[in-house]
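J.: Provided below for reference: sequence and predicted model.
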Amino acid sequence: MFGFDIDGVLYPWHELAYEWAIEALHEDISFDDFWRKGGFVSQNEGSIFLNNMVRNPLLYNKRSIPPYIVDAAWKISDIFEGKICYITSRPAGIEADTMSWVHRNKLPRPEMIFFSKNMPKDTIVKEIGVTHFVEDHHKYITQLEPIVQLYVIDMIYNEHMKLSTAIRVNDISDIPALIKKGY
């Protein structure tokens, strides 16, 4: 079974969060510096702002998935004969919005969404038999690399990580060819 994270993998959440933060804070900082350094006067200020920001449901449904990403998700689904799922750590309270967004974007197997708010992603992965997963967040990369074939979306906020078996990709459109080559 192939598993997808949603935010940062299928959905450009980090771009939206950056745009929202820059507007709200009236900051002049690049995307890379914002995610690399936090983009805030202090770490505490940044933590408070980000904790409030992640609870904003508008950040999770504002944009559609680019067509080439949807196409890649379907190609991966075909390779895995429809055995795919989505595992997200989106905050409580936006499950219905997430389901609606997945349907609206015409992703394969929209009924196969798992929310990891009550159970770690690695536990869900083991319980449902995921063998391949695509992720961007350093916390989950560390959890998942030892237990699945992991594809890591190469982002500024995970570039510091040394990977042993995971494969870095620009986006999920790189993955079907890698799978066909045995990776």
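T.: Thanks, I have the structure now.

J.: hmm, which helix or strand of this structure has the shakiest average pLDDT?
T.: helix 43-53 (a mean of 62; mean pLDDT, DSSP states H and E).

J.: what's in contact with the following helix or strand past that helix?
T.: Using DSSP states H and E, the helix or strand that follows helix 43-53 in sequence is helix 67-79. By C-beta atoms under 8 Å, 6 or more residues apart in numbering, the surrounding residues in contact with helix 67-79 are 2, 4, 10, 84, 105-109, 171-173, 175-176, 179-180. For the C-beta atoms, the positions are set from N, CA and C on the backbone; glycine is no exception.

J.: which of these tops the neighbour count?
T.: Within the contacts of helix 67-79, neighbour counts (other C-beta atoms under 10 Å) peak at Phe4, which reaches 27 neighbours.

J.: Excluding sequence neighbours, find me the nearest residue to Val130.
T.: Closest residue to Val130 apart from its sequence neighbours, by C-beta to C-beta, 6 or more residues apart in numbering: Gly3 at 4.1 Å.

J.: Quick check: the one you found vs Trp35, distance?
T.: 24 Å (C-beta to C-beta, to the nearest Å).

J.: Looking at the two, which one has more neighbours?
T.: Set side by side, Gly3 and Trp35 show more neighbours around Gly3, with 27 against 18, by other C-beta under 10 Å.

J.: Remind me which helix or strand that one belongs to.
T.: In this structure, Gly3 sits in strand 2-4 according to DSSP H and E.
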